[in-house]
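Enquirer: Everything below, folded, please.
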Amino acid sequence: MKHIKWGVLSTSKFGINHIIPAIGRSRTGTVQAIASRNTQHAAATAERLHIPKSYGSYEELLTDETIDAIYNPLPNHLHVPWTIKALEAGKHVLCEKPIALSRTEAERLLQKSLEFPHLKVMEAFMYRFHPQWIQVRSLVQNGAIGKVSSIQSVFTYFNDDPANIRNSAAMGGGGLMDIGCYCISLSRFLYGEEPESVTGQLEIEPSLGVDWKASGILTFGEKTATFTCSTRLQNYQNVVVFGKEGLIEMDRPFNPPPNQPAYIHLTKNGQRETIEIPAVDQYQQQVDLFGQAIIDTTAVPTPLHDAVANMAVIDAMFISDKERRTVLL
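Expert: This next block holds a predicted model:
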C-alpha cells in the first residue's frame, strides 16, 4: 500500500491540534513537511511536532517533489488560490471548509480541478465521517422516525477578538462562513437533495463588518431546515430531526471529543432510546478515507460539486438578508 507524504500549509492552531495528529495516527500517511511565512516559526513548529521538514514559504513546500498531498487550513480567502497552486504543483489537496468565499469561486476551483483528473481535492467537512452521522442518516433513510419533515440545528460559540481571522471580513470571516456552513451542509446531507429556497437574516458587527449571528430557513419541497449560528453566544450545538413518527436528537453533532462516546437519542411512540456510538477521531476518519481514495484512485467521499452546492446556499443567505426576500435556487 502506498504511503502518503503530507505537507501542511501554515502553522494554524486548528491544524496543529486536530489534523496533524490525525494524520500521524492514520493508516495511510504521515506529515513530512510544514510551511509558515516565518522560517524560524516553521522550524520550531516542525521540531516540536517531530515533522522532518520545514519551509519559510508556502511556495517552497509546493516545490517539494516528495510531498504527495497538501492540507490547506489557511484563512478562507486563501483556500481557492492555494488549492489551485497545489494542484498545479501536482499535489492532492484536503482543504478546510468553507471551500471558497462564494459559489463562483468554488466553481472556479471545480473547473480547475478537471484539468488534473489524477489529483484528488476535497472539502474538509469532518463531521460527515463520524459514525454518529452515518447512523443518523441510516435511521432517516430507513424510516426509523417516519417521513422527515423538519431539521433544526444550532451552532454557537463566543469570540469577539478583533484580531482573530474569524472576525476579519477581508479574510472571509463571520459566523455563517465559519459554522453556519455546517448547519447548511448537514441539512443537505440528511435530506440527500438540494434546497429549493433560502431565507436568511444576519446580524452584522458594525466595527468588524462580519455577521455575529445568522438564522436561516431552507425549503426542500414540503420539508424544511432551520438553523441559527453565532460567534457571540454561549457555546452550544444541537441537531434535532423531526419525523411524523418520532424524532432524533444529537447532543454533540459537530465536534464530539475523540476519546468519548457520542450519543443519539431516538424518540418514538413516546419512548426515548439512547444509542451510544463508540469514541472515534472524526479527523482521522476523514484523513484515512481521503488517503484511501488517493491510494485506490477512486472518487473522494465528498466531491467538489457538493462544496459548490453548499456555497450556493451561503450566497443565497447573504442575498436574502441584504434584499430582505426569499431566494429561489
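Enquirer: Now do stretch 246-254: distance from first to last residue.
Expert: End-to-end distance for stretch 246-254, by Cα to Cα, to the nearest Å: 22 Å.
Enquirer: Give me the buried positions along that stretch.
Expert: Neighbour-count burial for stretch 246-254, counted by 16 or more other Cβ atoms under 10 Å, picks out G246, L247, I248, E249, M250, R252, P253, F254. All C-beta atoms are positioned from the backbone trio N, CA, C, and that covers glycine.
Enquirer: ditto for stretch 254-267
Expert: F254, P256, P258, A262, I264, L266, T267.
Enquirer: Quick one: residues contacting the second one.
Expert: Think P256. Neighbouring residues of P256 by Cβ atoms under 8 Å, 6 or more residues apart in numbering: H130, Q132, A262, Q282.
Enquirer: The same query, at a cut-off of 7 Å, please.
Expert: By Cβ atoms under 7 Å, 6 or more residues apart in numbering, the contact list for P256 reads H130, Q132, A262.
Enquirer: Turn these into a markdown table, including pLDDT and secondary structure.
Expert: Formatted as a markdown table, those follow (pLDDT from 0 to 100; DSSP: H, G, I helix; E, B strand; the rest coil):
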| residue | pLDDT | secondary structure |
| --- | --- | --- |
| H130 | 98 | coil |
| Q132 | 98 | helix |
| A262 | 97 | strand |
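Enquirer: What's the separation between I84 and A106?
Expert: 12 Å (Cβ to Cβ, to the nearest Å).
Enquirer: So which of the two has more stuff around it?
Expert: A side-by-side neighbour count of I84 and A106, using other Cβ atoms under 10 Å, places A106 first with 27 against 18.
Enquirer: and this structure, what are its domains?
Expert: 4-125, 127-283+311-328 (automatic domain parsing).
Enquirer: do you know which of the ones you listed lies nearest D296?
Expert: domain 4-125 (10.2 Å; Cβ to Cβ).
Enquirer: quick one: the helices in this protein?
Expert: For the chain, the helices defined by DSSP state H cover 13-14, 20-25, 39-49, 58-62, 79-88, 103-113, 131-141, 175, 181-191, 282-296, 304-323.
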